[in-house]
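Chemist: Prediction below, plus the sequence it came from.
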Amino acid sequence: MNRALQDHELRPLFYPRSIAVIGASRQRGKIGYEIVRNLLDFGFQGKVFPVNPTADVVHSIKAYPTVLDVPDPVDLAVIVVPKEQVLAVVDQCGRKGVQGLVVITAGFRETGPEGAERERQLVQRVRQYGMRMIGPNCMGIINTDPSVSMNATFAYERPLPGSMGFISQSGALGAAILSLSRHLNLGFSMFASIGNKANVSSNDLLEYWDQDERTKVILLYLEDFGNPRRFTEIARRVMRRKPVIAVKSGRTLAGSRAALSHTGSVAGTDMAVDALLEQCGVIRALSIGDMFDMAMAFVSQPLPRGPRVAILTNAGGPGILAADACVSLGLTMAELSAPTKAALRSLLPREASVENPVDMIASATTEMYGRAMRVLLEAETVDSLMVVNVPPIMQDPFQVAVEISQIAQAYDKPVVGCFMGVEAIFRELQRREVELIPLYPFPESAARALWGLTRYAELRGRPERALLPAIRADVVGAEAILEAAWQAGRTVLAPAEAQAVLSCYGIAFPPGRTAQGLEAVVLACREVGYPVVLKMVAPGLIHKSDVGGVIVDVRNDGEAVDAYMELVRRAERAGLALEGVYVQAMARGVEVILGVATDPMFGHVLMFGLGGIYTEVLRDVAFRVLPVYLDDIREMIRSIRTYPILTGVRGGRPVDLVALEDALVRLARLVTDFPGIREVEINPFLVGSVGEPSWAVDARLILGNAPRVVVGKPLEPEMTMA
Ligand code: ADP
Ligand code: MG
């Protein structure tokens, strides 16, 4: 155990010298029995003290009526007593000087208000005694470090030692994971089922395992992120040292209250989770199976230098499937140079294909695999290799797997295998002690593994993020407008108010004014200067275009009169009380949408996408969870599918990306200063060509809470958090 782990406050949980199992049972099948059995069976290096008020002996070990009767010091207590007894037992542990608790017992927050109150009291006691606690409502913890060899779970399966750290928010899933990993021959360094995580959180463990040399990859199964800001801050740091792979279940943004803006309705999926993980460089797995597919590669393979994959196969069809799978994930097929192809040609039969995927055809021997592999791994243009094998009748796939695994070890490039007969190999592996490259039954999972390695290498190589630039803003002016609306009981601000607030933050709108009646409107048009746009102003009118309430490109007095009369008619038809007309100078540019929504879990989420009426149809939008770095904003802009439109396709001029970035920075600043803002949306923001102005032409702002300013709240991720 290294220094950092030695001194860490979670040490009593993972490196206890003695464990009391409170609620130990003599009855096979009971949790209190299984835990004692697992501790003994796994060869725990310290002392085990069963505690049971009615039994003298459990599992042939002397039992004690209470933890206070144990003659030796107790580092860790595993608690499995009925829920009504937990608080009293914790008090005894506190008096005994126990430092760590694993509370297996359920019946706390997860069951309702009464359970929540019990949990509150539990946490309060844990704090009061200065203990740390995993759970309640969990399946236990494991540390396979030979100096402790602790399996303090009631899982049926015996874990294998290895280099994965696994955090599971679900106990049942934790058990399933233990048996799956055993089947895949994958081992754990540490394992924690964290249950209600009332005291020790996934964030605490992430931080702790960052220090653990034995843990090479961290796997997370999460249902929520706890404190997402703290998660972001820790994950960003940890991923620089070891890969973090997460499976996150559950939707996040509430789609139901989204009707008021495009931002809300588009954000109705779990895109915020993707955004958050992307921002902090965590790899998101699509399922538990996918997570293990990637983990298998991470624990045994080096990282690739780039995305170029070579495929070596003994069958055409699977080779093509493998290539398709790689390309669809964003990997590229390596171009083979003339000398590489010549070398392959000299090794392989005439019918073989020496283009990538390299198809050796069904007669390929184990030796042929080996020689072709060496050529490909030595090729300058190859970053990683996938070996595909369909077992022909005469070849022993296990022998092929052993051979290629040995060769792969000599190179600093990742190699994965897609072996159609993989089941037989795994069975064989149970009997023999050999290290193999990761093997998958299907090309899609082998491709995911290579993608995971490649993506992580890329994320880890990402430069340190740049902080958001400071901007000047009229905070007082904005507050006055927001406050006035709030006082008047309006949470949805009038368009003019929204515009005014954004203007205080330096987001520019084209010149414009509101006018009532024909004469005043024509006069306003002249003052603003043709060409202009006329927009209806009516109480309760949200999407103006839906009722034909916007007439663009009005060029002279004659057109202005017509447009005005038309708006009056349309308002009447729509049953709207026309308050007036907003005359706005006509602007040019590419229409994009800039927005902020509030996620119940993550808080403010910044949104960017192609704008106008197509936003909801195309759903080509990107999210970033606040707080953000400038790089996050830049990556967000570049990540949408229609990004090429902004850089100028087919002779179009590139737009002013700096102006776009600047507007997003200002929006981020505004909602950071005013956490009470629930949604803001600028749709469209017209991004001008380089050298031309950019404008916001339509804005909406919705308050969720009182618009109190939070002075001096940093925009960049905070470094110290509770
Ligand atoms: P709404 O979204 O309520 O329908 P907008 O003010 O966004 O109303 O106007 C609808 C559309 O009209 C915009 O998406 C944009 O295409 C166009 N438009 C509005 N104002 C301007 C303007 N000042 N310059 C150019 N086009 C505009
Ligand atoms: Mg609009």
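Modeler: In hand now; what should we look at? Ligands and ions are numbered 1, 2, ... in the order given.
Chemist: what domains does the record give for this protein?
Modeler: Partitioning the chain according to automatic domain parsing yields domains covering residues 3-215, 302-460, 511-585, 590-703.
Chemist: Show me how far the first one is from its chain's centre.
Modeler: Centroid displacement of domain 3-215 relative to its chain, using CA atoms, centre = their mean, to the nearest Å, is 28 Å.
Chemist: Give the rounded mean pLDDT of that domain.
Modeler: When pLDDT is averaged over domain 3-215, the result is 94.
Chemist: so what's the closest residue to ligand 2 within the stretch 101-250 of the chain up against?
Modeler: Of the residues in the stretch 101-250 of the chain, the one nearest ligand 2 is Pro228, at a distance of 30.2 Å by CB to the ion. For glycine as for every other residue, the C-beta is placed from the backbone atoms N, C-alpha and C. With contacts taken as CB atoms under 8 Å, 6 or more residues apart in numbering, Pro228 has the following neighbours: 276, 601-603, 625.
Chemist: related to what we said a few turns ago, reformat the domains of the chain as CSV; add distance to Ala496 and mean neighbour count.
Modeler: Formatted as CSV, the entries for the domains of the chain read as follows, by distance: least, CB to CB, whole Å; neighbours: other CB atoms under 10 Å:
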stretch, distance to Ala496, mean neighbour count
domain 3-215, 44, 20
domain 302-460, 44, 19
domain 511-585, 7, 17
domain 590-703, 10, 20
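Chemist: For Ala478, find the nearest of these.
Modeler: Evaluated with CB to CB, these place domain 590-703 nearest to Ala478, the distance being 7.1 Å.
Chemist: Give me the distance between the two termini of that closest one.
Modeler: 28 Å (CA to CA, to the nearest Å).
Chemist: Tell me if that domain is near ligand 1.
Modeler: Yes: under the criterion of CB under 6 Å from any ligand atom, ligand 1 is reached by domain 590-703 at 591, 612, 683-684, 697-698.
Chemist: Please flag which of the residues you listed sit within helices.
Modeler: With DSSP state H as the criterion, helices contain none of the residues of domain 590-703 next to ligand 1.
Chemist: How about residues contacting stretch 323-334?
Modeler: By CB under 8 Å, 6+ apart, the list of residues contacting stretch 323-334 reads 307-311, 356-357, 379, 381-383, 386, 443-444, 446-448, 450-451, 454.
Chemist: can you tell me the average pLDDT over it?
Modeler: 97.
Chemist: where are the low-confidence patches of the stretch 501-650 of the chain?
Modeler: Using pLDDT under 70 as the threshold, the predicted model of the stretch 501-650 of the chain has low-confidence ranges 612-614, 616.
Chemist: tell me the strands in it, going along the chain?
Modeler: Counting by DSSP state E, counting those that start in this stretch, one finds strands in the stretch 501-650 of the chain at the ranges 512-515, 532-537, 550-554, 580-585, 590-599, 603-610, 621-625.
Chemist: Let me have those in JSON lines, adding distance to Val78 as columns.
Modeler: Listed next are the strands of the stretch 501-650 of the chain as JSON lines, based on distance: least, CB to CB, whole Å:
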{"stretch": "strand 512-515", "distance to Val78": "69"}
{"stretch": "strand 532-537", "distance to Val78": "67"}
{"stretch": "strand 550-554", "distance to Val78": "67"}
{"stretch": "strand 580-585", "distance to Val78": "68"}
{"stretch": "strand 590-599", "distance to Val78": "36"}
{"stretch": "strand 603-610", "distance to Val78": "36"}
{"stretch": "strand 621-625", "distance to Val78": "36"}
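Chemist: Would you tell me which helix is longest in this structure?
Modeler: Across the chain, the helix with the greatest residue count (assigned by DSSP H) is helix 443-461.
Chemist: for that helix, packing partners?
Modeler: Taking 3 or more CB pairs under 8 Å, 6 or more residues apart in numbering; DSSP states H and E as the contact definition, the neighbouring helices and strands of helix 443-461 are strand 283-284, helix 288-300, helix 316-328, strand 384-389, strand 415-419.
Chemist: Select, out of those, the one closest to ligand 2.
Modeler: Within those, the stretch nearest ligand 2 is strand 283-284; the backing value is 32.4 Å (CB to the ion).
Chemist: Which secondary structure elements does the closest one sit against?
Modeler: Helices and strands touching strand 283-284, by 3+ CB pairs under 8 Å, 6+ apart, are strand 244-248, helix 271-280, helix 443-461.
Chemist: Redo the contacts of Pro228 as JSON lines? Include distance to Arg472.
Modeler: Output for those, formatted as JSON lines (distance: CB to CB, whole Å):
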{"residue": "Leu276", "distance to Arg472": "29"}
{"residue": "Met601", "distance to Arg472": "32"}
{"residue": "Phe602", "distance to Arg472": "28"}
{"residue": "Gly603", "distance to Arg472": "25"}
{"residue": "Val625", "distance to Arg472": "25"}
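Chemist: Out of those, the closest to Ile22 would be?
Modeler: Checking these one by one against Ile22 (CB to CB), the nearest turns out to be Met601, at 34.6 Å.
Chemist: From ligand 2, how far off is the closest one?
Modeler: Spatial separation of Met601 from ligand 2 under the definition CB to the ion, to the nearest Å is 28 Å.
Chemist: ditto for Ile311
Modeler: If you measure Ile311 against ligand 2 using CB to the ion, the figure is 48 Å.
Chemist: hmm, which two among the contacts of Pro228 are most spread apart?
Modeler: Among the contacts of Pro228, Leu276 and Gly603 lie farthest apart (CB to CB), at 10.7 Å.
Chemist: What are the buried residues along stretch 462-480?
Modeler: Judged by neighbour count (16 or more other CB atoms under 10 Å), stretch 462-480 contains these buried residues: 465, 468, 473, 475, 478-479.
Chemist: My error: substitute stretch 278-298 in the last question.
Modeler: Of the residues in stretch 278-298, those with enough neighbours to count as buried (16+ other CB under 10 Å) are 278-285, 288, 290-298.
Chemist: just to revisit the earlier point, mind giving me CSV with the helices and strands packed on strand 283-284 and columns for mean pLDDT?
Modeler: Supplementary listing: these in CSV, determined by pLDDT from 0 to 100:
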stretch, mean pLDDT
strand 244-248, 92
helix 271-280, 84
helix 443-461, 96
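Chemist: Among the ones you listed, which comes closest to Ala315?
Modeler: Using CB to CB as the criterion, the shortest distance between Ala315 and the helices and strands packed on strand 283-284 is 11.0 Å, found for helix 443-461.
Chemist: Quick one: name the residues of the stretch 551-700 of the chain near ligand 2.
Modeler: Residues of the stretch 551-700 of the chain lying close to ligand 2 by CB under 5 Å from the ion are 683, 698.
Chemist: which residues in the stretch 551-700 of the chain form helices?
Modeler: Listed from the start of the chain, the stretch 551-700 of the chain has helices (DSSP state H, counting those that start in this stretch) covering 557-573, 615-618, 630-639, 643-647, 657-673.
Chemist: quick one: contacts of stretch 415-425?
Modeler: Stretch 415-425 is contacted from outside by 297, 301, 318, 322, 373, 377, 384-391, 397-398, 400-401, 404, 408, 436-443, 445-446, 449-450, using CB under 8 Å, 6+ apart.
Chemist: Return the distance of it from the chain's centre.
Modeler: Centre-to-centre, stretch 415-425 and its host chain are 30 Å apart (CA atoms, centre = their mean).
Chemist: For it, output the C-alpha coordinates as CSV.
Modeler: Output of stretch 415-425 as CSV, limited to C-alpha atoms (Å, rounded to 0.1, in the frame of the first residue of the first chain):
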residue,chain,number,x,y,z
VAL,A,415,-4.2,-5.6,-30.7
VAL,A,416,-7.7,-7.1,-30.2
GLY,A,417,-9.1,-10.3,-31.5
CYS,A,418,-12.5,-11.1,-32.9
PHE,A,419,-12.8,-14.8,-32.6
MET,A,420,-16.0,-16.4,-33.7
GLY,A,421,-15.2,-19.5,-31.5
VAL,A,422,-14.4,-17.4,-28.4
GLU,A,423,-16.6,-19.5,-26.0
ALA,A,424,-14.4,-22.5,-26.5
ILE,A,425,-11.3,-20.4,-25.8
